[in-house]
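Undergrad: could you work out the structure for the sequence below:
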Amino acid sequence: MVKIIWTDTAIQDLNDIGEYIAKNSIKYAEITVNELFESVDILESHPHAGMVVPEFDNKLIRQLVRGNYRIVYSIVHENRIDILTIHNCARLISNTKPFKK
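TA: Prediction:
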């Protein structure tokens with residue numbers, strides 16, 4: 001089974017998303033953050049479940065789309081996946097954005 005590692009950047013993204021949504025609804029913020037967090041569980045048994053991120057054109061950098069969010073991850077090796085960022089679909093991902101592990 002693949003180990004899922006959440007980078008500091010991805011955790012901060014989740015926190016930011018939760019704080020933004022909580023301005024209107026604390027309950028919806030909690031639901032959204034939990035759904036985003038749990039949606040990567042599929043990667044433990046299906047690491048290639050997501051699509052390749054077109055901005056990077058690298059088969060090891062992939063994404064799951066959940067609602068309005070892109071969960072971008074990197075297949076580090078056959079036993080490890082790093083969640084790099086959670087990104088709003090309405091925004092472009094800069095290919096120069098540094099990812100912290």
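Undergrad: which positions within the strand or helix carrying Thr9 qualify as buried?
TA: Under the assignment given by DSSP states H and E, the secondary-structure element containing Thr9 is helix 8-22. For helix 8-22, the neighbour count (16 or more other CB atoms under 10 Å) marks Thr9, Ala10, Asp13, Leu14, Ile17, Gly18, Ile21 as buried. C-beta here means a position set from N, CA and C on the backbone, and glycine is covered the same way.
Undergrad: what about the third one, distance to Asn88?
TA: From Asp13 across to Asn88, the span is 9 Å (CB to CB, to the nearest Å).
Undergrad: cool, and the first one?
TA: Applying CB to CB, one obtains 14 Å for the distance of Thr9 from Asn88.
Undergrad: and what of the fifth one?
TA: In this structure, Ile17 lies at 8 Å from Asn88, with CB to CB as the measure.
Undergrad: which residues do the two both contact?
TA: Tyr69 (CB atoms under 8 Å, 6 or more residues apart in numbering).
Undergrad: now the residue of the chain positioned farthest from its centre, what's its secondary structure?
TA: Counting by CA atoms, centre = their mean, the extreme residue of the chain relative to its mean C-alpha position is Asn24, 22.7 Å from that point. Of the three states, Asn24 takes coil according to DSSP: H, G, I helix; E, B strand; the rest coil.
Undergrad: and it, how far is that from Cys89?
TA: Here Asn24 is placed at a distance of 19 Å from Cys89 (CB to CB).
Undergrad: now Asn15
TA: The gap separating Asn15 from Cys89 is 19 Å, by CB to CB.
Undergrad: Provide a list of residues in contact with the residue nearest the centre of the chain.
TA: When the chain is reduced to its mean C-alpha position, the nearest residue by CA atoms, centre = their mean turns out to be Ile71, at 2.4 Å. Remark: with contacts taken as CB under 8 Å, 6+ apart, Ile71 is in contact with Leu36, Ser39, Val40, Gly50, Gln63, Leu64, Val65, Ile83, Thr85, Ile86, His87.
Undergrad: burial of Leu36, as a residue count?
TA: Other residues lying near Leu36 total 21 when counted by other CB atoms under 10 Å.
Undergrad: from what I see, it and His87 are in contact.
TA: No. At 10.8 Å, Leu36 and His87 do not qualify as touching, with contact defined as CB atoms under 8 Å.
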